[in-house]
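[1] I need the structure of the sequence given here:
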Amino acid sequence: MKKKWLIPLLSLLAILAFPVGAFAAEEGPTNVQLQAGLNSAFTFLAFILVFFMQAGFALLEAGSTRMKNAGHVAGRTVLTLGVSALAFWALGFGLGFGNDNGNGFMGLTGFFVSGTDAAPSFDSLSALDVPVTIMFLFHFAFAAISLAIACGGMAERAKLSVYIVFGLLFSIVIYPVVAHWVWGGGWLAQLGMQDYAGSTVVHLTGATAALVATILLKPRLGKYNKDGKPNVIPGHNQVYSILGVIILWFGWFGFNPGSAVSAMNDGFFGYVALTTNIAAAAGAVFALAVSWMVFGKADIPSMLNGVLAALVAITGSCAFVAPWAAVIIGAVAGIITFFTAQWLERRRIDDPIYAFSVHGVAGMWGAVSTGIFAKPELVEITGVGKAGLAYGGGFGQLGVQLLGLIGTFAFVLIISFIILGAMKAVMGIRVTEEEETMGLDMSEHGTYGYPEQMKLIADAEKRTLN
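    Predicted structure coming up:
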């Protein structure tokens, strides 16, 4: 039933998006032109879905933080989106996907993307029937997601200026380099690393930067007692967080199936959507179950983290694994994220949205799981890497996956420490104690996200003091 409406919809979008001149001839479009138009429309639709995930991040992060910071957290999402768009257009896309002239580390062409005439600068994209402009938008959406993850670990105590400076550098110096390694023809691509939609490139990269920021910023005021025992700092609106996760789950159908960059190919994107969906479902169920066993109550935030962790893990392997393996990958992601979140919190790493456990640890598991479960028939379809350990492929592909995640983690960790360490020394990265106590809505923007409610709270505190 879905195919009956999907193909006509894509055809209509292709007609609207494809240059009118292509249909000017009386004989009409050729099959090649029609396929190119459909693929372009499909990829643009995927970009829209991934772009809309920013709304999910805004709701999730605002809901997971305190009311006095909600406007700041949500507004920061829009700010980093704008910073990422400009930086990625100017330099990031060229560094990520431009021709590297054999260096295998980063691209050297295609800066300041100007139009379809830029195609010769992007050999890594030459096999696709999609204009460079649309591919730029698609990959920009991925870069913006990675930056949103990185910034999540800074919530409730970082200066607004940090998001601007670090956002620019992350979108130029960090993310594009890793993207080039895996997707732009770099050294990991040459080794055959399997990362279909970014468990490593997008999620591990962003999460590692978030880990560094969390360590350098140090915990929020009141998070830990003198004996080091952590206190729970609940978010102000769990419903927002739930809606955010649902939007992210929805947007992931642009993330993973959209990475097929084609509506053709026997509808392979539908298979990718299948593995993505059942992995997320397994993550939700198993994370809730393990929280129930440990806490004695079914913890909703743990379930939400389980969904996201499963989606992160299946992102890299969604095109390479069988459905049964997708369920295992999602279930394991939900479980390990629950325990690593608790472990990191006990180590005085105050990560308000659990960015590293959800996106980092699960991203690592996603990379490893592909080396284990990659199915020979699916490897042949994608044309990347080799079969996994479970199918008699030996340790070769698993070794490549481990090398990729270790290399990515080490590179991002070191560069993030250099950048954020220098920023901390030169400009400072954390607000003052007074500003943090007041809330970043007021200290950074001069107004609350919830002005009426916060005024009532402030008046009540004054009456208590008097």
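
[2] Give the burial count for residue 32, as a bare number.
    9 (other CB atoms under 10 Å). Every residue, glycine included, has its C-beta placed from N, CA and C.

[3] Same check on residue 34?
    Using other CB under 10 Å, residue 34 has 18 neighbouring residues.

[4] What strand or helix carries it?
    Per DSSP states H and E: residue 34 is located in helix 31-63.

[5] between the next helix or strand after that helix and helix 31-63, how big is the angle?
    Counting by DSSP H and E, the element after helix 31-63 in chain order, helix or strand, is helix 70-87. With axes from the mean of the first three to the mean of the last three CA atoms, to 10 degrees applied, the angle from helix 70-87 to helix 31-63 works out at 150 degrees.

[6] just checking, what packs against the next helix or strand along the chain from helix 70-87?
    Counting by DSSP H and E, the next helix or strand C-terminal to helix 70-87 is helix 93-97. Applying 3 or more CB pairs under 8 Å, 6 or more residues apart in numbering; DSSP states H and E, we find helix 93-97 packed against helix 132-152, helix 175-183.

[7] avg pLDDT for helix 93-97?
    Mean pLDDT, helix 93-97: 98.

[8] start at 343 instead
    Sounds good: first residue 343 from here, last item helix 435-439.

[9] can you list contacts of that helix?
    448-455, 463-464, 466-467, 477-478, 481-482, 485, 514, 517-519, 521-522, 525-526 (CB atoms under 8 Å, 6 or more residues apart in numbering).

[10] from the residues you listed, which would you call buried?
    When the contacts of helix 435-439 are checked for burial by 16 or more other CB atoms under 10 Å, the buried set is 448-449, 451-453, 455, 463-464, 466-467, 477-478, 481-482, 485, 514, 517-519, 521-522, 525-526.

[11] The closest residue to residue 674 other than its chain neighbours - how many residues pack around it?
    In space, and not counting its chain neighbours, residue 674 is closest to residue 707: 6.4 Å by CB to CB, 6 or more residues apart in numbering. Residue 707 is flanked by 25 other residues according to other CB under 10 Å.

[12] I'd say residue 707 and residue 655 touch.
    Yes. The criterion here is CB atoms under 8 Å, and residue 707 meets it with residue 655 at 5.0 Å.

[13] anything in contact with each of the two?
    Going by CB under 8 Å, 6+ apart, residues that sit against residue 707 and also against residue 655 are 671, 674-675.

[14] Which of those has the largest number of neighbours?
    residue 675 (34 neighbours).

[15] before we move on, the earlier item: can I get the helices and strands packed on helix 435-439 in JSON lines including mean pLDDT and distance to residue 787?
    As requested, the helices and strands packed on helix 435-439 are exported to JSON lines (pLDDT from 0 to 100; distance: least, CB to CB, whole Å):
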{"stretch": "helix 474-494", "mean pLDDT": "97", "distance to residue 787": "16"}
{"stretch": "helix 517-525", "mean pLDDT": "98", "distance to residue 787": "27"}
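
[16] Throw those into a markdown table and include distance to residue 795, thanks.
    Output for the helices and strands packed on helix 435-439, formatted as a markdown table (distance: least, CB to CB, whole Å):
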| stretch | distance to residue 795 |
| --- | --- |
| helix 474-494 | 24 |
| helix 517-525 | 37 |
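
[17] Out of these, which gets nearest to residue 581?
    The closest of these to residue 581 is helix 474-494. By CB to CB, the value is 19.1 Å.

[18] which other helices and strands contact the closest one?
    Helix 474-494 packs on helix 373-405, helix 412-429, helix 435-439, helix 502-511, helix 517-525, helix 547-559, helix 580-597, helix 697, going by 3+ CB pairs under 8 Å, 6+ apart.

[19] buried ones in the first one?
    Of the residues in helix 373-405, those with enough neighbours to count as buried (16+ other CB under 10 Å) are 375-389, 391-393, 395-405.

[20] Would you map the helices across the stretch 693-808 of the chain?
    For the stretch 693-808 of the chain, the helices defined by DSSP state H, counting those that start in this stretch cover 697, 704-715, 718-724, 738-768, 775-780, 782-787, 793-807.

[21] How far does the fourth one sit from its chain's centre?
    Using CA atoms, centre = their mean, to the nearest Å, the mean C-alpha position of helix 738-768 is found 16 Å from that of the whole chain.
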